[in-house]
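1. Next comes the sequence, and after it the predicted model I'd like to discuss.
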Amino acid sequence: MNRTTADEQLLLQPHKNDAFNRTDTWRVLRIMSEFVDGFDDLADVGPAVTIFGSARIKPEDDLYQATVDTARLIGDAGFAVFTGGGPGIMEAGNQGARRAGVPSIGLNIELPFEQHVNPFVSKSLEFRYFFVRKTLLVKYSSAFICFPGGFGTLDELFEAVTLVQTGKVHNFPIILYGSAYWGGLISWLRHSAVAIGALSEAELSLLQVVDTPAAVRDIIVSAEAERIAREEAAYSALVEATKKA
């Protein structure tokens with residue numbers, strides 16, 4: 001039986017009476033508490049990446065094993081792994097992280113139907129609000145990997161690429177696994193959005209399409225090395241400027 005979620009209560013409850021106003025006032029504090037708890041729980045995670053994808057992919061599917069292999073390689077490279085904590089691609093990502101011996105973190109979301117945390121999660125956080133969860137995933141991740149998925153995966157993909165496009169986050173790879181799945185989307189963006197000037201080719205290139213776990217690992221490792229080099233260069237420049245002051 002479906003139940004009302006916190007997001008639905010926040011967005012759709014009728015604006016009728018004083019009780020609603022009091023409820024929304026307290027709901028702001030609940031939202032704030034989710035941010036505070038998340039910041040406290042994830043502050044010491046270290047370098048990490050997030051894996052998105054369909055909850056409906058079964059363990060016998062080739063994509064499931066590809067996700068396990070990808071997460072394991074990323075873990076071997078020193079990155080913790082975030083997922084939504086549920087089944088399918090999320091479970092495979094957490095399994096790969098466990099095999100690599102790195103933190104396997106599930107940020108689970110309240111849904112109208114039950115979504116149990118998968119058994120490969122080593123650290124689980126529960127959220128009522130999608131926007132809180134997505135903020136924390138961006139804050140504590142160095143990259144997003146999108147395996148084939150549905151509306152939820154597309155939502156997370158386009159929010160992430162918008163943040164990179166607008167300069168809100170930098171040196172943040174967004175990797176699409178599976179050219180057979182994502183090729184149609186890339187083609188549509190090129191022949192529709194780019195064609196009318198709504199996007200540029202440079203912006204479209206923010207989406208990197210790959211077909212092997214090793215390619216995913218290499219993109220992430222390279223981006224992290226570039227980030228560290230830039231930070232070290234900026235620090236050195238600051239030290240030199242301070243000496244001359």
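-> Arrived safely, thanks for sending.

2. how about stretch 222-235: buried residues?
-> Across stretch 222-235, burial judged by 16 or more other Cβ atoms under 10 Å covers Ala223, Glu224. Using the backbone N, CA and C atoms, a C-beta is placed for each residue, glycine as well.

3. what do you get for stretch 173-192?
-> Those would be Pro173, Ile174, Ile175, Leu176, Tyr177, Gly178, Tyr181, Trp182, Leu189, for stretch 173-192 by 16+ other Cβ under 10 Å.

4. wait, doesn't the fourth one sit right on Leu206?
-> In this case it means Leu176. No. Contact status for Leu176 versus Leu206: not in contact, 10.5 Å apart, counting by Cβ atoms under 8 Å.

5. since we're on Ala245, how many residues are nearby?
-> By other Cβ atoms under 10 Å, the residues close to Ala245 number 5.

6. how close does it get to Tyr129?
-> Separation of Ala245 from Tyr129 (Cβ to Cβ, to the nearest Å) stands at 46 Å.

7. go on, Ala195?
-> 37 Å.

8. so Leu238 is in which element?
-> Using DSSP states H and E, the element containing Leu238 is helix 213-244.

9. host element of the spatially most central residue of the chain?
-> For the chain, Thr50 is the residue whose C-alpha lies nearest the centre (Cα atoms, centre = their mean; 4.3 Å). In this structure, Thr50 is located in strand 48-52 according to DSSP H and E.

10. Next, the angle helix 213-244 makes with that strand.
-> On the basis of axes from the mean of the first three to the mean of the last three Cα atoms, to 10 degrees, strand 48-52 is oriented at 140 degrees to helix 213-244.
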